[in-house]
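**Student:** Would you be able to build a 3D model of this:
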Amino acid sequence: MDVKIRIAARLAGIALTAATVLATTLSGPAVPAAADPAYTSLKVMPLGDSITWGSGSADSRIGNRTGAITASGYRIDLRKRLEAAGLDVDFVGSQQAGPRGSDRDNEGHPGWRIDQIAAKVDGWLATYQPDVILLHLGTNDMAQNKNVDASAARLSALIDQIRAARPEADIFVQQLVQGHVEPYKSRIAAYNQRIPGILAGKDAKVYLVDQSSIGGRSEFDNLHPNDDGYAKMAYNLYQAMASVYSGGARWPEGTNPYAATSTTLCFRINKTVAGKQTWHVQCNPWTLRTVWQRPGTITKPYVVHVKAHYTAKKVTGTARVWVKDQYVTKTIKGRTIRVRVKAHYQTRKITKTVKVLVKAHYETRTRAVPTWLSDDPYVTNVAK
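**Tutor:** Below you'll find the model as predicted:
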């Protein structure tokens, strides 16, 4: 059955429920209607690289950046939104990432470029037969300094390849999340500019999703979103799907992460310890005041008057010491003998602790002062 027909059938069932359900849909979380026997699971394939896999999300910070098995990225949030709209969603793919008990299936491959995905995608599509493909790909091409136009051409060919394998599938092509720092930021921006033109030449079931607004403090490191960024990705995908599917205008709005006035943001913080570069995760609550800011401290100098006082001080110097007549053991030409050393004076270094008067004076000191910070923690520490 055609995906849109199935979705329309499902939404028609929702429309026939009591008026109170419609009121709830318009003002708050939706109450899903009973399952329609004609409606089967909507199989959704998240397809791409580590951003699709979920690197940078809260549960991906075990071990190295992309080495954990529990990353979820945008998928949990998107699934909840779609289910609230009455859709029966099943994520599909050969990869697994996300907390246990969640739908962990996806086709996100950390580090992969467009050509690498294209070499495998036919097999994945044949195996899982998705109704919907959520494509976010090209970040590693830009990070690896591949030609922008050539990369855009490979993306266009990949879309055609997906269409040939899944003629009826809905393909949502996402403009990339921004690069956090240069040169990634400029290269990704240039690549994103090519995508609308690519999609203009495709069929009516290929849709553009703009994720290019996600950047800055919504990114965990140089390329990957943090939880705030992934919440925005989920929101943008949900809005795009609502604009496409029949009845989408009646889907619940849900929480808009772009309208948030407070959130917790996490960043990768680089540091060098004993000559070796390492990193840790720093998470802070942020509040939208005049601009987004987080509570923190800064070091400020202040002047204090120090009264006259005595202090202990170690003093090192030399002194003549009288050494009595004595015998000492020496080794001469392999023989150990006792030699008489006559009484004499000897100069030695000595250290003594003495009391020293410190005169009254003014002294500049520093202290930590609570304040609001508006820095970008990743950018501040990226070169460390």
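**Student:** so where does residue 367 fall, helix or strand?
**Tutor:** Element membership of residue 367, judged by DSSP states H and E, is strand 361-373.
**Student:** chain center to that strand: distance?
**Tutor:** Relative to its chain's centre, strand 361-373 lies at 33 Å (Cα atoms, centre = their mean, to the nearest Å).
**Student:** what is the rounded mean pLDDT of it?
**Tutor:** Averaging pLDDT along strand 361-373 yields 88.
**Student:** Counting by contacts, list what it packs against.
**Tutor:** For strand 361-373, the packing partners by 3 or more Cβ pairs under 8 Å, 6 or more residues apart in numbering; DSSP states H and E come out as strand 292-306. Any C-beta I mention is one placed from the backbone N, CA and C, and that applies to glycine too.
**Student:** now the strand it packs on against strand 361-373, angle please.
**Tutor:** 170 degrees (axes from the mean of the first three to the mean of the last three Cα atoms, to 10 degrees).
**Student:** Show me what the mean pLDDT comes to for strand 292-306.
**Tutor:** For strand 292-306, the per-residue pLDDT averages 89.
**Student:** I would like the residues contacting that strand, please.
**Tutor:** 217, 265, 284-287, 358, 360-374 (Cβ atoms under 8 Å, 6 or more residues apart in numbering).
**Student:** which residues of the stretch 51-200 of the chain fall in strands?
**Tutor:** Assigned by DSSP state E, counting those that start in this stretch, the stretch 51-200 of the chain shows strands spanning 89-91, 95-96, 105-108, 132-136, 170-175.
**Student:** Quickly run through the sheet partners of the shortest one, with directions.
**Tutor:** If I follow you right, that is strand 95-96. The sheet places strand 95-96 alongside strand 105-108 (antiparallel), with pairing taken from DSSP bridges.
**Student:** quick one: average pLDDT of the strand it pairs with?
**Tutor:** 96.
**Student:** can you tell me how far residue 271 sits from residue 338?
**Tutor:** Distance, residue 271 to residue 338, using Cβ to Cβ, to the nearest Å: 61 Å.
**Student:** quick one: which of the two has more around it?
**Tutor:** Taking neighbours as other Cβ atoms under 10 Å, residue 271 and residue 338 compare with residue 271 leading, 11 against 8.
**Student:** circling back to that earlier point, narrow the contacts of strand 292-306 to those that are buried.
**Tutor:** Buried members of those, scored by 16 or more other Cβ atoms under 10 Å, are 217, 265, 286.
**Student:** In contact with residue 45, which residues are there?
**Tutor:** Residue 45 touches 91-93, 106-107, 124-125, 128, 130, 132-134, counting by Cβ under 8 Å, 6+ apart.
**Student:** what do you get if the cut-off is 7 Å, keeping everything else the same?
**Tutor:** If you count contacts by Cβ atoms under 7 Å, 6 or more residues apart in numbering, residue 45 has them with 92-93, 107, 128, 130, 133.
**Student:** Kindly reformat these as a markdown table containing distance to residue 186.
**Tutor:** As requested, these are exported to a markdown table (distance: Cβ to Cβ, whole Å):
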| residue | distance to residue 186 |
| --- | --- |
| 92 | 35 |
| 93 | 31 |
| 107 | 28 |
| 128 | 36 |
| 130 | 33 |
| 133 | 28 |
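**Student:** Let me have those in JSON lines, extended by neighbour count and distance to residue 48.
**Tutor:** JSON lines is the format used below for those (neighbours: other Cβ atoms under 10 Å; distance: Cβ to Cβ, whole Å):
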{"residue": "92", "neighbour count": "22", "distance to residue 48": "14"}
{"residue": "93", "neighbour count": "23", "distance to residue 48": "10"}
{"residue": "107", "neighbour count": "27", "distance to residue 48": "7"}
{"residue": "128", "neighbour count": "18", "distance to residue 48": "15"}
{"residue": "130", "neighbour count": "27", "distance to residue 48": "13"}
{"residue": "133", "neighbour count": "27", "distance to residue 48": "10"}
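**Student:** just these now: which is nearest residue 116?
**Tutor:** Distance to residue 116 across the contacts of residue 45 (Cβ to Cβ) is lowest for residue 107, with 12.0 Å.
**Student:** Distance check, the nearest residue to the closest one once chain neighbours are set aside against residue 74.
**Tutor:** Residue nearest to residue 107 in three dimensions, not counting chain neighbours: residue 93, with 3.5 Å by Cβ to Cβ, 6 or more residues apart in numbering. From residue 93 across to residue 74, the span is 14 Å (Cβ to Cβ).
**Student:** residue ranges for the helices of the stretch 151-300 of the chain, please.
**Tutor:** With helices called from DSSP state H, counting those that start in this stretch, the stretch 151-300 of the chain shows them at 184-200, 227-244.
**Student:** Pull the residues that contact the longest one.
**Tutor:** The contact list for helix 227-244, computed with Cβ under 7 Å, 6+ apart, reads 57-58, 73-74, 77-78, 81-82, 134, 170, 172, 177, 207, 209-211, 214, 218-219, 225, 248, 251, 256-258, 263, 265-266.
**Student:** how about the residue nearest to residue 107, what does it touch?
**Tutor:** Contacts of residue 93 by Cβ under 7 Å, 6+ apart are 45-46, 105-107, 124, 128.
**Student:** Surely residue 169 is in contact with residue 134?
**Tutor:** No. At 10.8 Å, residue 169 does not count as touching residue 134 under the criterion of Cβ atoms under 7 Å.
**Student:** Looking at those two, which is more packed in?
**Tutor:** A direct count of neighbours by other Cβ under 10 Å for residue 169 and residue 134 places residue 134 higher, at 27 against 21.
**Student:** That one contacts residue 172, correct?
**Tutor:** Yes. Between residue 134 and residue 172 there is a contact at 5.1 Å, judged by Cβ under 7 Å.
**Student:** Following element in sequence after the lowest-mean-pLDDT helix or strand in the chain, please.
**Tutor:** Counting by mean pLDDT, DSSP states H and E, the chain has its least confident helix or strand at helix 19-27, which shows a mean of 36. Note on helix 19-27: by DSSP H and E, the next helix or strand toward the C-terminus is strand 42-48.
**Student:** which parts of whichever helix or strand comes after the strand holding residue 367 are buried?
**Tutor:** Next in sequence after strand 361-373, counting helices and strands by DSSP H and E, comes helix 377-381. Judged by neighbour count (16+ other Cβ under 10 Å), helix 377-381 contains these buried residues: 377-378, 381.
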